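*Asks:* the sequence and its predicted three-dimensional model are supplied below.
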Amino acid sequence: MNTEWMIEALERMMLIRAHEETAAALQQAGRAPGSCTAIGGEASAVGVVWALGEDDEILTNHRSAGHLLARGADPNRLLAEIMGRQDGYCGGKSGPLHVSASELGVVLTSTIVGGELALATGVALSRRMAGREGVVACFFGDGAACQGRFHESVNLAAVWGLPVLYVCENNHWQAFVHRDETMLVDSIAARAPGYGIEGARVDGTDVIAVHEAARHAIARIAETGRPYLLETVTYRLRGHFEPDDMAYVDPQEHASWAARDPIDLLRNRLVGSGALDRATLDGIEARVARRISMAEAFASASPFPAPEALTTHVYA
Ligand SMILES: Cc1ncc(C[n+]2csc(CCOP(=O)(O)OP(=O)(O)O)c2C)c(N)n1
């Protein structure tokens, strides 16, 4: 990837981080309900989402902010949604856990773990029936990959030849349970041949590696007419949910992954190679901080939805 792409990726990853830190701070201040942050997963989000075409669609899970912001979500509207305000993506009714944004091709955020898997298979089927090209990207966690729904969804998509990019963001945690307690094997991508499809495992802290792997996967979906299973290996650097004291996390394991923070890795690489100088970096940091503080002001000024809106735009 060229330098310009890398610098833009760095800025977007920093925007995601700043958004997530603000969401957590708002929660701590009692100004927003609890949310699940994706700190540590920024390279996976940007690397994959930036490999997608404009008409491709995304289904995601309870750690969705990175996917939404990578796709170009407006930070004002995203923060407003997280604070339950009228100007949010779903009129403040989804909160942080169920955001959908059809204008960005983000079909849904499922907080039913694994719910996105079955629905992505269905969205891909409907696209094919409508004669649409492109892929559906489905983001899920290693916990979801241990569910029965994973098997049914991937198997059916393989049998029917549906263009789904299944992206398992393996962040080592399944709420408060470490993945070592639920899997005897290291790799989720290793399951791909069992479904007759291709898969790959990539360092999810390296945005360039993730992006290249995602582009390769999308090209293979087009060539083979089959889904593809991409595993991005990351670490959840914050708790499962806000607030979370993380008392169950091994501090040494956490520290070893914190030393591989995806944003630091890219920034050090760019600064180390001379592609990014201090003044440009300061400019990026200031722009990101300004953007998020504007978003916070916008979201705080947005009203809560009116009581009469309670039954509009909802099912059941
Ligand atoms: C069907 C279902 N079971 C349990 C839960 C409670 N829950 C929410 S997130 C989570 C852990 C999911 O782990 P993983 O899929 O690895 O995603 P991560 O949180 O690590 O990103 C659980 C068990 C839920 N939301 N839905």
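*Replies:* Thanks, I have it.
*Asks:* contact residues of this protein facing the ligand?
*Replies:* Residues of the chain lying close to the ligand (C-beta under 6 Å from any ligand atom) are 62-63, 111-113, 141-144, 171, 173-175, 236, 240. The C-beta positions use only the backbone N, C-alpha and C, and glycine is treated the same way.
*Asks:* how near is the residue nearest the centre of the chain to residue 81?
*Replies:* Geometric centre of the chain, nearest residue: residue 67, 3.7 Å, by C-alpha atoms, centre = their mean. Applying C-beta to C-beta, to the nearest Å, the value for residue 67 to residue 81 is 14 Å.
*Asks:* ok, residue 161 next?
*Replies:* To residue 81, residue 161 is 35 Å away according to C-beta to C-beta.
*Asks:* show me the strands in this structure, by range?
*Replies:* Here the chain has its strands, by DSSP state E, at 57-60, 106-109, 136-141, 164-170, 173-174, 177-178, 198-203, 228-233.
*Asks:* count the neighbours of residue 4 for me.
*Replies:* Residues lying near residue 4 (other C-beta atoms under 10 Å) number 9.
*Asks:* no, scratch that, I was asking about residue 301
*Replies:* Residue 301: 11 neighbours (other C-beta under 10 Å).
*Asks:* just the one 10 residues further on next, same as before
*Replies:* Using other C-beta under 10 Å as the criterion, residue 311 is surrounded by 8 other residues.
*Asks:* cool, residue 146 as well?
*Replies:* For residue 146, the neighbour count with other C-beta under 10 Å is 18.
*Asks:* please name the residues that touch it.
*Replies:* Counting by C-beta atoms under 8 Å, 6 or more residues apart in numbering, residue 146 makes contact with 174, 182-183.
*Asks:* of those residues, which is the most crowded?
*Replies:* residue 174 (20 neighbours).
*Asks:* quick one: the residue lying closest to that residue once chain neighbours are set aside from residue 122, how far?
*Replies:* Distances taken as C-beta to C-beta, 6 or more residues apart in numbering place residue 143 nearest to residue 174, at 3.1 Å, with adjacent residues excluded. Going from residue 143 to residue 122 by C-beta to C-beta gives 21 Å.
*Asks:* and if you look at residue 17?
*Replies:* Distance from residue 17 to residue 122, by C-beta to C-beta: 33 Å.
*Asks:* again, but for residue 50
*Replies:* The gap separating residue 50 from residue 122 is 25 Å, by C-beta to C-beta.
*Asks:* check residue 128 too.
*Replies:* Distance of residue 128 to residue 122, computed by C-beta to C-beta: 11 Å.
*Asks:* fine by me, thanks again.
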